[in-house]
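Q: Any chance you can model this:
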Amino acid sequence: SSGINAEYGAYKNVKYSLKHKIAQRRHAGVTAEVMQQVADASSEKKKTVKKEKDDRVLFKKTEVADLEATHFSIFYNNALFLFLTIILSFYVLKNFSPGANYLGSSVTSACVVAFLSTGSS
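A: Numbering: from 1, shown residues only. Next comes the predicted model:
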């Protein structure tokens, strides 16, 4: 249970720290895509106001950044957790009983991942 809570906190921390960076990097591409959609839609009806265009761009940019940050956060945390679990269980805790080895490597890996996710980059 504590390992699950630590992993969940790590997912949230990494996602939060990456979301703004990804949004900045994807701004130009998202803006171009939304403007193309607005141009296609506005040819059928009246012109779209600038505020509506900006709102659409902001919404789409936030949506894309949130999705990418979530995917990267899950990948990063799971890869780090797996790596630490393997190192701890096969090398550090190899002489412990199987139950203690499993519990120690899982909880320690989750706590280390959670700790590393709180650092600023």
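
Q: My guess is Leu18 contacts His71. True?
A: No - counting by Cβ atoms under 8 Å, Leu18 does not reach His71; the two are 9.9 Å apart. All C-beta atoms are positioned from the backbone trio N, CA, C, and that covers glycine.

Q: So for the two, which sits in the more crowded spot?
A: Using other Cβ atoms under 10 Å, the more surrounded residue of Leu18 and His71 is Leu18, with 20 against 12.

Q: The closest residue to Gln37 other than its chain neighbours: neighbouring residues, count only.
A: Nearest residue to Gln37, sequence neighbours excluded (Cβ to Cβ, 6 or more residues apart in numbering): Arg56, at 7.8 Å. Close neighbours of Arg56, defined as other Cβ under 10 Å, add up to 18.

Q: which stretch of helix or strand covers Arg56?
A: Taking DSSP states H and E as the criterion, Arg56 maps to helix 50-87.

Q: Pull out the buried residues from that helix.
A: Using 16 or more other Cβ atoms under 10 Å as the test for burial, helix 50-87 gives 53, 56-57, 60-61, 64-65, 68-70, 73, 76-77, 80-81, 84-85.

Q: Over to stretch 18-30?
A: For stretch 18-30, the neighbour count (16+ other Cβ under 10 Å) marks Leu18, Lys19, Ile22, Ala23, Arg26, Val30 as buried.

Q: Identify the residues contacting it?
A: For stretch 18-30, the surrounding residues in contact (Cβ atoms under 8 Å, 6 or more residues apart in numbering) are Val57, Lys60, Lys61, Thr62, Val64, Ala65, Asp66, Glu68, Ala69, Phe72, Ser73.

Q: now the residues you listed as TSV including distance to Val113 and pLDDT?
A: Shown next, in TSV, are the contacts of stretch 18-30 (distance: Cβ to Cβ, whole Å; pLDDT from 0 to 100):
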residue	distance to Val113	pLDDT
Val57	34	88
Lys60	31	90
Lys61	28	91
Thr62	26	91
Val64	26	92
Ala65	22	92
Asp66	21	93
Glu68	20	93
Ala69	16	93
Phe72	14	94
Ser73	11	92
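
Q: Which one of those residues is nearest to Ser105?
A: Ser73 (21.9 Å; Cβ to Cβ).
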